[in-house]
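Participant: Please find the sequence and the predicted model below.
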Amino acid sequence: MVTTTTIDKASILGILETVTDPEIPVLTITDLGILRDVVINGENINVIITPTYNGCPAMDMIAMNIRMALLEHGYKNITVTSVLSPAWTTDWMTEEGKQKLKEYGIAPPVTRSDDPSDREIECPQCHSTNTRLISEFGSTACKALYQCNDCKEPFDHFKCH
């Protein structure tokens with residue numbers, strides 16, 4: 001059992017670095033930048049997260065996984081708070097997270113331009129930038145569907161915002 005004297009932020013953050021996104025399991029919540037803060041008040045732990053999109057269906061599963069990870073390490077009084085402001089941005093993603101996306105076959109965000117035609121999206125398969133947008137809606141709300149004009153492979157692109 002964890003006692004109040006053993007609860008420290010660094011230990012909690014270390015545990016949370018293992019919690020993955022259920023939609024993109026190669027990314028942790030720290031890779032995504034959705035982990036905003038951990039507030040410790042005595043024996044109470046409040047984990048503060050921001051969804052990539054308002055209404056993101058993965059957030060309930062992420063909150064449950066956060067609770068489970070902390071419970072497995074003996075922490076008991078856990079609250080997960082979702083905050084919407086400031087809104088999450090792809091700027092909060094780690095460079096390591098963007099590299100993990102690419103290796104997983106998803107083109108990482110590269111710019112925050114409002115015009116998708118201004119973006120050079122690199123194919124995660126052959127690395128060509130000769131790609132085209134097929135649909136602003138990919139396998140999840142946070143991704144768009146592209147196709148490489150060179151290798152002809154379709155791929156998801158993590159939307160920039």
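Facilitator: Now that the structure is in, tell me what you want to look at. Numbers count the residues shown, from 1 in each chain.

Participant: Pull the helix or strand hosting Tyr146 out as CSV, backbone CA atoms only.
Facilitator: Using DSSP states H and E, Tyr146 sits in strand 143-148. The C-alpha trace of strand 143-148 is given here as CSV (Å, rounded to 0.1, in the frame of the first residue of the first chain):
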residue,chain,number,x,y,z
LYS,A,143,-6.8,11.6,-38.8
ALA,A,144,-7.3,12.3,-42.5
LEU,A,145,-6.9,9.7,-45.3
TYR,A,146,-4.2,10.2,-47.9
GLN,A,147,-2.7,8.2,-50.7
CYS,A,148,0.8,8.2,-52.0
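
Participant: what angle separates the helix or strand following it from strand 143-148?
Facilitator: Once strand 143-148 ends, the next helix or strand along the chain (criterion: DSSP H and E) is strand 154-158. Angle, strand 154-158 to strand 143-148, by axes from the mean of the first three to the mean of the last three CA atoms, to 10 degrees: 140 degrees.

Participant: so what strands line up beside the strand holding Tyr146?
Facilitator: strand 131-135 (antiparallel), strand 154-158 (antiparallel) (DSSP bridges).

Participant: Not counting its own residues, what contacts that strand?
Facilitator: Residues outside strand 143-148 that contact it (CB atoms under 8 Å, 6 or more residues apart in numbering) are 106-107, 116, 121, 123, 125-126, 128, 130-139, 153-159. In this view, the C-beta of every residue, glycine as well, is placed from N, C-alpha and C.

Participant: Thanks a lot, catch you later.
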